[in-house]
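K.L.:
Sharing a sequence plus its predicted fold:
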Amino acid sequence: MNSLRFAIYLLALLILSQSVCSLEIRVFIKGDIGGILENLSYEKNAVNLQRFFLIWYNSQSVGCDMRVRVDIKNTTNQTIATLWSKKRILEPGATENFEVFWVPEKNGSYTASVKAYVCKEIFDLGSYEFNATVEKRKKGIILSLQNTPKGLEASVKANLTNFTNDVVIIPKSYPLGWVFEQERVKLEKGEKKVLVNFECPRWKSERVSFIAVATDGMVISNEAEIVLKKKQDVFEIVKTCLLYTLLFVSLSSNFVLFKKYSKFRKRSRK
Amino acid sequence: MRGEIKILGLLAIAVVIAVMTAMMPVAVADIANDTEDATVTITIATQTWVNVDPETLDFGTVNPGAASAMKQIQIENIGSMNITKIWFNVSQPSERPFATGNGSKYDPGNFIRVKPEGADESQYYFIDRVEFNESRSLVYLTDPDGNTPPSGYNYGRFRNGSYEYFWMVQPGDCAGKTFYIGNNPHTKTSSGTVNFQSGSFTTVTLTAGPAGWCYGDVSSGPLAGYVIAVKNDTADVVRWYKYNKDAPAADSATNDAYFFEGTLYPGNSTVADLQMLVPYGVVLGQKTGTLTVLVNDQ
């Protein structure tokens, strides 16, 4: 049976004569930074909370870190808030979601100027007008801030039963030129702690404040503030420990030597 | 005495004539050629051979989402048999290169499209383009069941340079499944077809093909003319081909074709127009692939 099959294959090869020729194809992909705004949504009539949701597609050829910046302006064209999304890395061909929240304090008309910061390049994504209404909100979230060796830590806890919404920690006041990320937290039972990322052009101990708000805008926290302290890096901690240890060893050996010297002097007097 | 001289003179003349006469037949023999043909015989071996020039095709520097200049290859019959069919194979990426940041995973064989010499731009087809499903959920797409983002569907993009067409298919046994293709392209300025429940799209019913694949012919919409081959079960790999007669189900589908079908006599040649259509999201740098020309004489 196998020999029959082989004979058929051989016959087919003899009957069908085929030839192949290959060539190499080359292309050089040019380096280019950019992308496509696939989606931008926001509330035309926001109640208690405005959410800007963007989808960015890195359509170009360079992998980049990216943030979205939203400047909120009032009717007199004054910037009343500058908000930043979380930073994300996008490789070429990747799509990523960004969200930025804003809590209005007064009813009114506002304009949001949206920009994408991609590999230090800035892309203007346009201006969007919206109305904001402030309705009564429950103070059902407890927000506290703490300087830790790892950085600025925010703790959130719901003060309401059956609270299931996500909570967003939004910077309220901070020095001009600094970048504070917003942190979205899924509140489960008890307290949730997150590190708040920020970047500053030059370190200085500054007072900053935050609020936490539920993603439906109906539950909010009191404004929490803190004076930032520089976080210590691991090398700094090890160096300090080492110095204290050396100081202790030096003092102990001096003390032992002093005691021995005292005994020696007593004996020599006798 | 005079009589003797006369006789001797006559004798001398006679001798001269005799000598000349004796020499005459030799001269006559030289002028009248005798001919005989030598038969030269050679047997040309039965060979189907093809040669393609140039050996390397460099499309230069191209931006993501842009097209290269058109290049041509000469396909010459250097064998002894009439070439009757020409088709192509191309190198392809083995896994999804997009969003990985790894430039070596991309293959320019996936970017190359071809048309007969001088044919209209609309006659360009990718030889055998492989597409993978998206690396993450796209929250602005709506599936045929109305879910946003899609649920229970695999989806991806047919990356036609700066024009991307979303596609969608349910995983599982692919036989009889419907393959959805958006009619409006997703571009820098337009979302294109993102709603596969109420938007503008084309549907293709898949047929069971060779092991591991289902296939269908795209008969309408902007991608009409292609055969699609969908990987069974996972539905995470889709091949779009035209001129690759070795692709899955190429014998069963109807949209696939030979690039050349006719008689290309020994010594004759044909030309293919080629263009590199680089999609969005390709990592910068040099990319190298292979284009293979296949011919047969049957």
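P.N.:
In hand now; what should we look at? Numbering: from 1, shown residues only, chains lettered A, B, ... in the order given.
K.L.:
Could you pull up the residues touching B:Pro54?
P.N.:
B:Pro54 sits next to A:23, B:73 when contact means C-beta atoms under 8 Å, 6 or more residues apart in numbering or on different chains. Heads up, the C-betas are built off the backbone N, CA and C, glycines and all.
K.L.:
Also B:Gly156?
P.N.:
B:131-134, B:166-167, B:238.
K.L.:
ok, those vs chain A, which is closest?
P.N.:
B:Glu134 (7.4 Å; C-beta to the nearest C-beta).
K.L.:
And the spatially closest residue to the closest one that is not a sequence neighbour, what's its pLDDT?
P.N.:
Counting by C-beta to C-beta, 6 or more residues apart in numbering or on different chains, B:Glu134 lies nearest to B:Gly156, which is 5.3 Å off, once chain neighbours are set aside. For B:Gly156, the pLDDT comes out at 97.
K.L.:
Can you give the contact residues for the helix or strand encompassing A:Ile55?
P.N.:
Per DSSP states H and E, A:Ile55 falls inside strand A:50-57. Strand A:50-57 is contacted by residues A:35-43, A:66, A:68, A:70, A:85, A:90, A:94-104, A:110, A:112, A:114, A:116, A:118, A:125, A:128, A:130, A:132, A:215, B:138-140, B:280-281 when judged by C-beta under 8 Å, 6+ apart.
K.L.:
which one of the contacts of B:Gly156 is nearest A:Ile141?
P.N.:
B:Glu134 (35.6 Å; C-beta to C-beta).
K.L.:
who's in contact with the closest one?
P.N.:
Taking C-beta under 8 Å, 6+ apart, one finds A:95, B:155-157 in contact with B:Glu134.
K.L.:
Need the contact partners of the host helix or strand of B:Gln275.
P.N.:
Using DSSP H and E, B:Gln275 sits within strand B:269-276. With C-beta under 8 Å, 6+ apart as the test, strand B:269-276 has contacts from A:25, A:27, B:57, B:59, B:62, B:67-77, B:86, B:108, B:111-119, B:124, B:259-260, B:264, B:291.
K.L.:
Alpha carbons only: can I get it in CSV?
P.N.:
What follows is strand B:269-276, C-alpha atoms only, in CSV (Å, rounded to 0.1, in the frame of the first residue of the first chain):
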residue,chain,number,x,y,z
SER,B,269,8.7,37.1,-18.8
THR,B,270,6.0,38.9,-16.8
VAL,B,271,6.2,41.7,-14.3
ALA,B,272,4.5,42.1,-10.9
ASP,B,273,4.0,45.5,-9.2
LEU,B,274,4.7,45.4,-5.5
GLN,B,275,4.1,47.8,-2.7
MET,B,276,4.8,47.8,1.0
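K.L.:
Output the helix or strand following that strand as CSV, nothing but the C-alphas.
P.N.:
Next in sequence after strand B:269-276, counting helices and strands by DSSP H and E, comes strand B:285-296. Output in CSV follows, covering the C-alpha atoms of strand B:285-296 (Å, rounded to 0.1, in the frame of the first residue of the first chain):
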residue,chain,number,x,y,z
GLY,B,285,14.0,49.7,12.4
GLN,B,286,15.0,47.4,9.6
LYS,B,287,12.6,44.6,8.8
THR,B,288,13.5,41.7,6.5
GLY,B,289,11.2,39.0,5.0
THR,B,290,10.9,36.7,2.0
LEU,B,291,8.8,36.7,-1.1
THR,B,292,8.7,33.4,-2.9
VAL,B,293,7.5,33.0,-6.5
LEU,B,294,6.2,29.6,-7.5
VAL,B,295,5.5,28.4,-11.0
ASN,B,296,4.3,25.2,-12.7
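K.L.:
Buried residues, strand B:285-296. List them.
P.N.:
Across strand B:285-296, burial judged by 16 or more other C-beta atoms under 10 Å in any protein chain shown covers B:287, B:289, B:291-296.
K.L.:
Can you tell me the strand partners of that strand and which way each runs?
P.N.:
Strand pairing for strand B:285-296, using DSSP bridges, gives strand A:18-29 (antiparallel), strand B:83-90 (antiparallel).
K.L.:
And the first one, what's buried?
P.N.:
By 16+ other C-beta under 10 Å, the buried positions in strand A:18-29 come out as A:19, A:21, A:23, A:25, A:27-29.
K.L.:
Name the next helix or strand following it along the chain.
P.N.:
Per DSSP H and E, the helix or strand that comes after strand A:18-29 is strand A:36-41.
K.L.:
Output that following strand as CSV, restricted to C-alpha atoms.
P.N.:
Output of strand A:36-41 as CSV, limited to C-alpha atoms (Å, rounded to 0.1, in the frame of the first residue of the first chain):
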residue,chain,number,x,y,z
ILE,A,36,-4.5,58.1,17.5
LEU,A,37,-7.2,59.3,20.0
GLU,A,38,-9.6,56.4,19.5
ASN,A,39,-12.2,57.7,22.0
LEU,A,40,-12.8,60.7,24.2
SER,A,41,-15.9,60.8,26.3
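K.L.:
In its sheet, which strands sit next to it, and in what direction?
P.N.:
Applying DSSP bridges, one finds strand A:36-41 paired with strand A:50-57 (antiparallel).
K.L.:
Which positions in the partner strand come out as buried?
P.N.:
So, applying 16+ other C-beta under 10 Å, buried residues of strand A:50-57: A:50, A:52-57.
K.L.:
and that strand, what's its mean pLDDT?
P.N.:
Rounded mean pLDDT across strand A:50-57 is 96.
K.L.:
what's the answer for stretch B:181-199, then?
P.N.:
95.
K.L.:
what about that stretch, start to end distance?
P.N.:
11 Å (C-alpha to C-alpha, to the nearest Å).
K.L.:
right, and A:Leu195 touches A:Ser155 too?
P.N.:
No. Using C-beta atoms under 8 Å, A:Leu195 is not in contact with A:Ser155; the gap is 10.9 Å.
K.L.:
The residue nearest to B:Glu134 in helix, strand or coil?
P.N.:
Put simply, B:Gly156 is strand when judged by DSSP: H, G, I helix; E, B strand; the rest coil.
K.L.:
Pairing partners for it in the sheet, please.
P.N.:
B:Asn133, B:Trp167.
K.L.:
quick revisit: in terms of neighbours, single out the busier of A:Leu195 and A:Ser155.
P.N.:
A:Ser155 (17 against 14; other C-beta atoms under 10 Å in any protein chain shown).
K.L.:
and that one, how far is that from chain B?
P.N.:
30 Å (C-beta to the nearest C-beta, to the nearest Å).
K.L.:
From the rest of the structure, what touches the helix or strand that contains that residue?
P.N.:
Element membership for A:Ser155, per DSSP H and E: strand A:151-158. For strand A:151-158, contacts defined as C-beta under 8 Å, 6+ apart pick out A:140-147, A:167, A:169, A:183, A:185, A:187, A:190-198, A:208, A:210, A:212, A:219, A:221, A:224, A:226, A:228, A:231.
K.L.:
Give me the buried entries from the residues you listed.
P.N.:
Here, 16+ other C-beta under 10 Å leaves A:140-141, A:143-145, A:167, A:169, A:183, A:185, A:187, A:192, A:196, A:198, A:208, A:210, A:212, A:219, A:221, A:224, A:226, A:228 buried among those.
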